[in-house]
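Peer 1: Kindly generate the corresponding structure for this input.
(chains A and B)
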Amino acid sequence: MIPRHSASRRIAALALVGAASLLAAACSSGESALESGNERPTTPATSAPPATAEPGATTPAGSAPTTAAPTTTVTPLADLPPCPVDALDGAAGPVELTFWHGMSNELETALIELTDQYNASQDAVVVTLQNQTGYEATIDKYIQSSQSSRPDIVQFPEYTVQLLADSGTVIPIGACIEASGFDTSPILDRILKAYATEGVQWSMPFNVSNPVLYYNKAMFEEAGLDPEAPPLSLEELRATSQAIVDSEAAGYGIALDTGADSGGGWFIEQWFAKGGELYADNGNGRLAPATRVLYDGPAGVELMSYVQQMITDGLAVNVGDNASGQDNFLKMADTVSPAAMTIGTSAALGTVTAVLDGGLIQGITGEDLGVGPMPGPGPGALVGGASLYIVAEKGDEKAAAAWDYIQYLISPESQSQWAAATGYVPIRSDALELEPLATKYVEDPRFKVAYDQLLGTSDDPSAFGPVLGPLREVRAATARGVAEIFNGDDVAEVLSRTAGESNALITSYNERN
Amino acid sequence: MLAPSLLILVTFVLYPLVRAVWLGQQRCDNFGNNCVSRGFDQYVDMFTSREFQSALGVTVKYALLTVPLGLVLGVGLAVLADKHLRGVGVFRTVFSSTVATSVAVASLMWLFLLQPDVGVLANVGWINELFPSVKDPGWLRDPGTALVAVSMSSVWANLGFTFILVTAGLQGIPRDLHEAAAIDGAGDVRRFWSVTLPMLGPTLLFVVIVLTSRAFQAYGEIELLTQGGPAPYDSTTTVTYFIYGRNSVISGDVGLQATAAVLLFLLLLVLSVLQLSGLGRRVHYGD
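Peer 2: So this is what the prediction gives:
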């Protein structure tokens, strides 16, 4: 036996003391981690960011007061980084741009094609694409990088508008639009405005999607329903589900999930917009930074009670939090007790049709798949997908080059090509008149449903959707509550508690940012 | 000659550690700037918060589900394959193959095995009859079974690692010990308990420490299989997933993330020291 060293004994003893002190501290308060460090007299809980901030990281946008009056206070573009659109003329050689994106598979192929065309079309700019393997990975990497190692252009999903606006790291696209006199009138207003807060256009929409209803036409026929007339209102959704269950055409009317980016969060925001209800205060956070969510009011209780009743009555089936992102679709393919409908993002349509056309799902063909607008209290949809940001402090030439490339990506020709290849909604109406999209929409009208749904959106302030700094975290918190509601818990009670958690997230964000 | 390695150690280990400890008592904006000190009480608050306590509980359960079972299976397979039989190489290759399987691949495989609608396991008749919950609601969706299901995937994925180490350990046991025991009349079972196991001591200690540390740091399988769910119970939100997972309440707060990360580091340190001093004392180093 090798004798034990006394040193290791001492370390063990120290470790034990450490463990004991940690456990002693664990007189578990039961408080949320978000309360950590709050309400301590030594710390300024509501003060403005301290003067020790890194100079490059703060801009007037970052220090905007969180308690601004809910009036149309337009943040002047003059206080934000300018967009030197003419700087490209003075460039000595080709300006090299790096573009971080989150597109994969056929989406990436289509983006590479567009970028190759752009690079070949002119001599002034060369764009290099860098796939970051997804939106979340792009956000993480962008946050973790210093400004100098960030790219020149970056693609971020729709829920990050406020985060980027507060970051002080981007040139607002609105400055480029103004400086170049770019005509935004062909761009659908509701798509453009989705990326604007407090009067500043932060980014340029590029790939747009929204949730639609996927349904099995064969099951509709079996239930004696018109396979070309999917339900539009919530009442119709219930009646349709009832007919399907009664006729035993399927085990359930609709498969619903509680994922944060789908049924547990994003769809709830969609339903609020469809019903003309604000989801957050200060005009959904677009007039001034939001301070709280509003979904625990009567509208939210009514909506979620409806969904809960659908599940209780066996008309809808809860497929859980959908970690795979496909569980709601796969419930339609269940051989024992399938659902006839589900709600999913229009961006999945290309994949779903490819899987069905490939004969990968037994019993359902590509022709069986119908697509309709997302049923709800009203028409319309919020803009999902992602947009393009120009990164600041990269030099005038790069900014001008980035603006040039973005204009190419959103030209009617590019958008026609992009939408036809990917299934995303074109951001401008004139793209529909051009090939290949014109033919695509005639040949397979299912791909046009998401576009038509967006056109049907009202001009009500609620129709532009909430912008919250911690929108992704709020969705996750909301999704937990939705799961409880789906499990049968008291709707008003759960919503009130979940809204409280969401508000704590918003307060924490507003204090820190 | 120590300078280059010291430089690497300081840059990639020491500086990040010190920085994390510092960051752990700060509240910063989402980009990690504009930090305000909240004092080291932030560590106590974090440790006592219900989210951290819940995540810690899940992590301990996860370690208890994966480490002993993984160890027993790994030793069992290694002992079975430690025979001079024809074709034993094939078995050794098969048993150790999971070491070449990434967490992502293993998790996706289990995801599609366990998917309740089109998955393999859910649609095999006898499994379905024996465990109805594999189909409805599905093991990854049932708060009661989700952690067990994730553990299964993890045990499977780590089996190759344990198998290889234990096989190497077995081959280091001198044959004459077994022969001497056999002459004394010890059967297979007696020789396993009295010769094989004690001689494997150092290997097993190493495996236990590594498997425990892996269990405490598991992230990939949880991200791919459950994302911390099933909601609303956070049944698979381990401390690592709480720190970095996309559905965590602290996902936008680098200060609190650092707090939790440093606490996890301290816990692992304590655990490893306890394992070394506790189990290590019983290990026979065969001198």
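Peer 1: B:Val249 in helix, strand or coil?
Peer 2: Taken by DSSP: H, G, I helix; E, B strand; the rest coil, the conformation at B:Val249 corresponds to coil.
Peer 1: Before we move on, what's the pLDDT of it?
Peer 2: For B:Val249, the pLDDT comes out at 87.
Peer 1: and what of A:Asn318?
Peer 2: pLDDT, A:Asn318: 94.
Peer 1: which residues does it bridge with?
Peer 2: Per DSSP bridges, the residues bridged to A:Asn318 are A:Leu256.
Peer 1: Count the neighbours of it for me.
Peer 2: A:Asn318: 25 surrounding residues under other Cβ atoms under 10 Å in any protein chain shown. All C-beta atoms are positioned from the backbone trio N, CA, C, and that covers glycine.
Peer 1: what do you get for B:Gly172?
Peer 2: Neighbourhood size, B:Gly172 [other Cβ under 10 Å]: 12.
Peer 1: Against B:Val166, how distant is it?
Peer 2: Note on B:Gly172: its distance to B:Val166, by Cβ to Cβ, to the nearest Å, is 11 Å.
Peer 1: What of A:Glu158?
Peer 2: Using Cβ to Cβ, A:Glu158 is found at 51 Å from B:Val166.
Peer 1: on that earlier part again, list the residues that contact both of B:Gly172 and B:Val166?
Peer 2: Common neighbours of B:Gly172 and B:Val166, using Cβ atoms under 8 Å, 6 or more residues apart in numbering or on different chains, do not exist here.
Peer 1: Pick out the residue in the stretch 401-513 of chain A sitting closest to chain B.
Peer 2: As assessed by Cβ to the nearest Cβ, chain B sits closest to A:Ala483 within the stretch 401-513 of chain A, at 3.4 Å.
Peer 1: which bits of the stretch 101-250 of chain B sit near chain A?
Peer 2: Neighbours of chain A within the stretch 101-250 of chain B, by Cβ under 8 Å from any Cβ of the partner chain: B:111, B:115-118, B:123, B:135, B:137-138, B:140-141, B:224-227, B:229-232, B:234, B:246-250.
Peer 1: which residue ranges form the helices in the stretch 51-200 of chain A?
Peer 2: Under the criterion DSSP state H, counting those that start in this stretch, the stretch 51-200 of chain A carries helices at the ranges A:105-121, A:135-144, A:161-167, A:173-180, A:189-193.
Peer 1: Would you mind confirming that A:Tyr424 makes contact with A:Val208?
Peer 2: Yes. Between A:Tyr424 and A:Val208 there is a contact under Cβ atoms under 8 Å: 5.7 Å.
Peer 1: Common neighbours of these two, please.
Peer 2: The overlap between the contact sets of A:Tyr424 and A:Val208 (Cβ under 8 Å, 6+ apart) consists of A:Gly385.
Peer 1: what's the neighbour count on whichever residue of the stretch 1-150 of chain B sits closest to chain A?
Peer 2: In the stretch 1-150 of chain B, no residue comes nearer to chain A than B:Arg38, which is 3.3 Å away by Cβ to the nearest Cβ. B:Arg38 has 23 neighbours, counted by other Cβ under 10 Å.
Peer 1: Might one say that it is in contact with B:Gly255?
Peer 2: Yes. B:Arg38 lies in contact with B:Gly255 (Cβ under 8 Å); the separation is 7.4 Å.
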